[in-house]
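Q: Sequence first, predicted coordinates after that:
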Amino acid sequence: MTVLSFAGMSTAAEQNAAKRPEVIAVYYPHWHNYDLGSAWKGEGWTEWDEMKAAIPRFPGHQQPKKSLWGCFDESDPKWTAREIDLAADHGITVFMYDWYWYSGVKNMEEALEKGFLHAPNRKRLKFALMWANHDRRDQFWPEFGKPRTILLHSQNSPRDLVRAMDYCIEHYFRQPNYWRVNGGLFFSIFESEKFVKQLGGAQATRTAFAEIDARLRKAGLPPMHWNAMVSSPAQAAVMEQAGFHSTSRYNVNTAGKVQPDFTERYEDVMDAHRAHWEKMKASSLVDLPVVTMGWDSTPRCRLDVPWPFEKKREYPYGPVVVGNTPELYGQLLCDAARHMESDPRKPFGVLLNAWNEWTEGGYLLPEERTGTAYLEAIKRVFGKSSR
């Protein structure tokens, strides 16, 4: 298969590097020890424990995944510096950190605050936040068929939004490499429908956003660029009324075509991506296409639960996507690049899921079987960053 470069698709793109889309990698910051994690799961626990303990569930199942870098501490700036160089050298321009804030209770922020922001080469990448405003459930080796323990409830409110944004002003938004879109501070909301509903509806959310912009002006900062994670044009329409500026989707991890062996083919998931991108053209908000590398949440499943998990969808006990080779991933990246060129709204970036979602089967970091092949596909399609 020949993988075309994004720059090769358009003479204008070659002549004007500023038109190169941002290549945004989702960063899941759960590969270091933190206090709440130790309180919940035991002293020193990280998800490296689950990754190392994973087993193959069926013939040809590629588990356990083995990081070529070993089980490193991402909150150590020396390790983060290696990640930054690897990402930047392969065309990634933004790390979008999953950010966890529960009415002032933070967790997993050390990867960003101790790691990335203290890395000596941090200027090579921009960064932004996606507020992972979902209930913090215990999804790490949970009992099959039992209700999940909620470790932290997510309760959005106008007052808490102000507190969260004040924290971001102090710790993130003033950083010189915080990502700005058309001059606005990019900030994404994961459960955007829940967010708007809990703030009191679209108009109340728009009012709350205006207050945030006023606080930003007072702090000498530009206004926000609010991004909503949605899955349909109808959801995007509500987000537009609420004052959001763009949309995306965190991942496309299923095509709804589960095979008899309880797997899904990556080729079908690729089709689901293309269908989603095309569907979102009906939205009046610009939508950033997402490209999902793979899906396999079995490392989060108890080892004593037999495959195929009674063929039920009960996270994390669900189907595994198979056949997600670097070659097919490269083709999907190429398709996303063509989509962005054909979309009259000209999306300003492509979202990659994910840099390091090892325990959900989405990763770009070097792995024993494939090395840097997925990263090389990104570089071939989108080219090197000019940073």
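A: Structure received.
Q: rest of the way, CA atoms for contacts and neighbours
A: Noted.
Q: which residues sit against the top strand by length along the chain?
A: Criterion DSSP state E: the longest strand present in the chain is strand 94-102. Strand 94-102 is touched from outside by 22-29, 106-109, 112, 125-133, 152-155, 164, 179, with contacts defined as C-alpha atoms under 8 Å, 6 or more residues apart in numbering.
Q: List the strands paired with it, with their directions.
A: strand 22-27 (parallel), strand 105-107 (antiparallel), strand 126-131 (parallel) (DSSP bridges).
Q: Nearest residue to residue 128 in space, please, no chain neighbours.
A: Excluding the flanking residues, the one nearest residue 128 by C-alpha to C-alpha, 6 or more residues apart in numbering is residue 96, at 4.8 Å.
Q: and if you look at residue 245?
A: That would be residue 226: by C-alpha to C-alpha, 6+ apart, it lies 5.4 Å from residue 245.
Q: The stretch 151-300 of the chain: strands as residue ranges?
A: Taking DSSP state E, counting those that start in this stretch as the criterion, the stretch 151-300 of the chain contains strands spanning 180-181, 184-189, 224-229, 246-248, 263-265, 286-287, 290-292.
Q: Out of the ones you listed, which is closest to residue 69?
A: strand 290-292 (22.2 Å; C-alpha to C-alpha).
Q: Tell me which other helices or strands that closest one touches.
A: Applying 3 or more C-alpha pairs under 8 Å, 6 or more residues apart in numbering; DSSP states H and E, we find strand 290-292 packed against helix 326-342, strand 349-353.
Q: what distance separates the last one from the centre of its chain?
A: In terms of C-alpha atoms, centre = their mean, to the nearest Å, the centre of strand 349-353 is set 8 Å apart from its chain centre.
Q: Direction included, what does it pair up with?
A: When DSSP bridges is applied, strand 349-353 pairs with strand 22-27 (parallel), strand 290-292 (parallel).
Q: for the stretch 251-387 of the chain, what are the low-confidence residue spans?
A: Where the stretch 251-387 of the chain drops to pLDDT under 70, the residues are 312, 385-387.
Q: mind checking the SS state of the residue lying closest to residue 307 once chain neighbours are set aside?
A: Distances taken as C-alpha to C-alpha, 6+ apart place residue 57 nearest to residue 307, at 6.1 Å, with adjacent residues excluded. At residue 57, secondary structure determined by DSSP: H, G, I helix; E, B strand; the rest coil is coil.
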